[in-house]
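Trainee: Below are the sequence and a predicted model for it; my questions follow.
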Amino acid sequence: MKSDRSAALALMAAAIAGLVLANSPIGGSLLDFKNLYIGIESWGLKLSLEHWVSDLLLAVFFLVAGLELKYELRSGVLSKPSTAMVPVIAAIGGVIVPALIYVAFNFGTDGLRGWPIPTATDIAFALGVLAIFGRGLPKQARIFLLALAIFDDLVAILIIAVFFTTDLEPTWLFAAMVVAVLHFFLEKIKPLPMNLVRAASFLVLWYCVLQSGVHPTIAGVLLGLIIPARQAHGLVEKIQPWTNTIVLPLFAFFAVAIAIPSFEGSSSNVFLGILVALPVGKIVGITLFALIANSLASRDARMELKAPDFLAVAALAGVGFTVSLLMAKLAFGDHPELAAEATLAVILGSVISMVIGAAIAQSRARHYRKLQAQ
């Protein structure tokens with residue numbers, strides 16, 4: 001459960017199962033099942049099974065992302081501006097270029113609202129593929145990908161909070177802030193059973209954020225940033241195995257369980273925009289910005305990676321998957337056909353990125369192993 005490789009394989013298996021079953025003879029029953037509403041309507045908690053997974057369980061994944069971000073900002077690779085410069089600038093390129101490519105395909109159309117979809121990177125999946133095919137690469141390759149993906153997640157979180165917030169309820173948003181502040185002070189009271197307190201705070205905070213109109217996954221990030229950095233790393237080690245092997249595969253299964261749309265001889269600009277932006281945009285944006293930043297960095301801040309190493313990591317960063325699928329659901333929730341096309345494009349674009357990244361990483365790993373053997 002702690003293996004990056006196992007996480008990537010579980011995620012891929014769940015996605016394949018969801019897509020195959022949704023387009024099998026039992027597809028109609030599966031789609032009805034994932035749209036089954038359960039909960040307490042009077043509390044505003046009657047959600048479909050798919051939304052329980054994407055709104056509540058995925059908030060646990062974002063809690064881990066918040067904890068990782070907190071740890072890296074305080075003690076890890078993002079703690080010093082000099083060492084963070086190259087991956088942060090590369091991540092900016094990995095957001096801007098894919099977004100521009102998508103906009104070029106969809107400017108002036110209803111699909112324009114999906115511009116954030118190809119900007120995301122799936123940390124678990126990308127690190128898993130690197131662990132499988134990149135044995136022998138310099139350690140800085142994994143550090144670069146981790147820092148890149150964490151900053152990318154921060155951008156994704158901001159996009160979700162700013163662009164996908166509807167019908168804002170200030171009272172509930174204020175209640176969420178009160179819960180967050182209260183938990184901040186509770187973290188300072190040592191005799192309390194903090195893990196139980198954190199679990200309770202998470203559920204209350206999640207409920208308040210859900211009712212506020214902001215996407216509830218933000219609750220996980222917020223709590224992760226409140227928890228002290230010295231506790232963050234230990235909590236990630238406890239929670240991440242469960243998110244990697246249960247939460248993310250469940251989300252992938254439900255998100256990818258769609259009936260493949262018929263393009264009737266042509267594909268939409270949404271489909272093409274994502275399909276091109278994920279692999280091409282990430283590879284061009286991250287590699288170009290990383291090389292420029294690395295050449296301008298001081299000797300101490302410079303990463304000891306060559307252009308092909310950056311290229312391999314950039315391709316793996318094109319595996320958007322989890323967060324890109326969430327973006328697709330948020331962008332086109334009221335356009336089922338566009339949502340289906342976006343989902344399919346995310347899958348295909350991520351697979352293309354994975355194949356390219358895996359091939360380059362394996363080639364570079366073989367190169368470094370030969371150097372070590374000499």
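Mentor: Noted; the coordinates are in hand. Numbering: from 1, shown residues only.
Trainee: can you pull the contacts of residue 360?
Mentor: The contact partners of residue 360, by Cβ atoms under 8 Å, 6 or more residues apart in numbering, come to 308, 311, 312, 315. Backbone N, C-alpha and C define where each C-beta goes, glycine included.
Trainee: I misspoke; the intended subject was residue 98.
Mentor: 118, 119, 277, 278, 281, 282, 285.
Trainee: Identify those among these that sit within helices.
Mentor: 282, 285 (DSSP state H).
Trainee: Can I get the contacts of residue 98 in CSV including distance to residue 181, neighbour count and pLDDT?
Mentor: Listed next are the contacts of residue 98 as CSV, based on distance: Cβ to Cβ, whole Å; neighbours: other Cβ atoms under 10 Å; pLDDT from 0 to 100:
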residue, distance to residue 181, neighbour count, pLDDT
118, 36, 33, 93
119, 31, 27, 92
277, 39, 30, 95
278, 39, 33, 94
281, 39, 29, 96
282, 38, 34, 95
285, 38, 27, 96
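Trainee: Among the contacts of residue 98, pick out the one closest to residue 85, please.
Mentor: Ranked by distance to residue 85 (Cβ to Cβ), those are led by residue 285 at 16.3 Å.
Trainee: and which of the contacts of residue 98 is nearest residue 65?
Mentor: Of these, the one sitting nearest to residue 65 (Cβ to Cβ) turns out to be residue 119, at 15.1 Å.
Trainee: contacting residues around the closest one?
Mentor: 94, 95, 98, 99, 152, 155, 156, 159, 320, 327 are the contacts of residue 119 under Cβ under 8 Å, 6+ apart.
Trainee: how far away is the spatially closest residue to the third one that is not a sequence neighbour from residue 271?
Mentor: In space, not counting the residues next to it along the chain, residue 98 is nearest to residue 281; the distance is 2.9 Å by Cβ to Cβ, 6 or more residues apart in numbering. The span separating residue 281 from residue 271 equals 15 Å under the rule Cβ to Cβ, to the nearest Å.
Trainee: How about residue 182?
Mentor: For residue 182, the distance to residue 271 - Cβ to Cβ - is 46 Å.
Trainee: So the two - more neighbours on which side?
Mentor: Neighbours were tallied for residue 182 and for residue 271 using other Cβ atoms under 10 Å; the higher tally belongs to residue 271 (24 against 12).
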